[in-house]
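predicted model, plus sequence, below.
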Amino acid sequence: MKAEYVNPFVSAAINVFQMMVGVTPEKGNLSARKGIFTSQQCNIVLGVTGKLEGQIIIGMSVFTADKIASKMLNTTIRTFDELAASAIAELGNMISGSALTELASRGIQCNLSPPSLIRGTNVRISTLEIPTLVIPLNTELGEIEINVGLQERLK
């Protein structure tokens with residue numbers, strides 16, 4: 001996968017976390033997977049269509065999601081409810097929307113599906129054989145894992 005497809009998601013995530021959560025994530029060691037896969041407890045799933053196709057999955061523990069939602073909503077989240085879920089889904093929407101805006105400025109036009117939030121332990125999310133780059137972001141609130149599985153549309 002080309003760095004020009006992945007870097008906008010990393011910079012968008014850092015910027016959105018700084019703006020919306022007030023923390024600056026540190027990028028961890030990148031890794032590659034054969035297809036998108038995550039076993040995190042709380043996952044934001046966004047589909048991408050257009051010049052590129054695939055999925056973005058932003059995963060984290062429920063504990064981390066609670067902390068992030070608390071910061072975004074300026075309140076303490078004790079139980080991950082619909083309001084917290086909405087905040088976390090919107091975080092994914094902002095990151096992906098910002099990244100796709102950057103890609104569009106480079107002539108790579110894509111669209112996003114509305115975010116889906118998948119929660120639970122031992123939940124595995126995967127796609128077909130789209131190569132995926134995994135970008136861990138370490139924050140004081142916990143680790144966030146961004147899975148970018150995009151490929152150029154064949155037609």
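Arrived safely, thanks for sending.

what's the longest helix in this protein?
Counting by DSSP state H, the longest helix found in the chain is helix 82-105.

next SSE after the worst-scoring helix or strand of the chain on mean pLDDT?
Using mean pLDDT, DSSP states H and E, the weakest-scoring helix or strand in the chain turns out to be strand 37-38, at a mean of 68. Heading C-terminal from strand 37-38, the first helix or strand you meet, by DSSP states H and E, is strand 42-50.

show me what whichever helix or strand comes after that next one is packed up against.
As assigned by DSSP H and E, the chain's next helix or strand after strand 42-50 is strand 52-60. For strand 52-60, the packing partners by 3 or more C-beta pairs under 8 Å, 6 or more residues apart in numbering; DSSP states H and E come out as helix 3-16, strand 42-50, helix 82-105, strand 142-152. Yep, even glycine has a C-beta here, placed from its N, CA and C like the rest.

can you list those in CSV and add distance to S113, mean neighbour count and mean pLDDT?
Shown next, in CSV, are these (distance: least, C-beta to C-beta, whole Å; neighbours: other C-beta atoms under 10 Å; pLDDT from 0 to 100):
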stretch, distance to S113, mean neighbour count, mean pLDDT
helix 3-16, 16, 18, 92
strand 42-50, 4, 21, 93
helix 82-105, 10, 19, 95
strand 142-152, 13, 22, 92
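
tell me which of those sits nearest to R119.
Of all the helices and strands packed on strand 52-60, strand 42-50 sits nearest to R119, with 5.1 Å by C-beta to C-beta.

contacts for the closest one, please.
54-62, 64-65, 80, 88-89, 91-93, 96, 100, 108-119, 123, 125, 150, 153 (C-beta atoms under 8 Å, 6 or more residues apart in numbering).

report the distance from it to the chain centre.
Taking C-alpha atoms, centre = their mean, to the nearest Å, the mean C-alpha location of strand 42-50 is offset from the chain mean by 8 Å.

so it versus strand 142-152, what angle?
20 degrees (axes from the mean of the first three to the mean of the last three C-alpha atoms, to 10 degrees).

tell me the angle of strand 42-50 relative to strand 52-60?
Using the same axes, to 10 degrees, one finds that strand 42-50 and strand 52-60 are set 170 degrees apart in direction.
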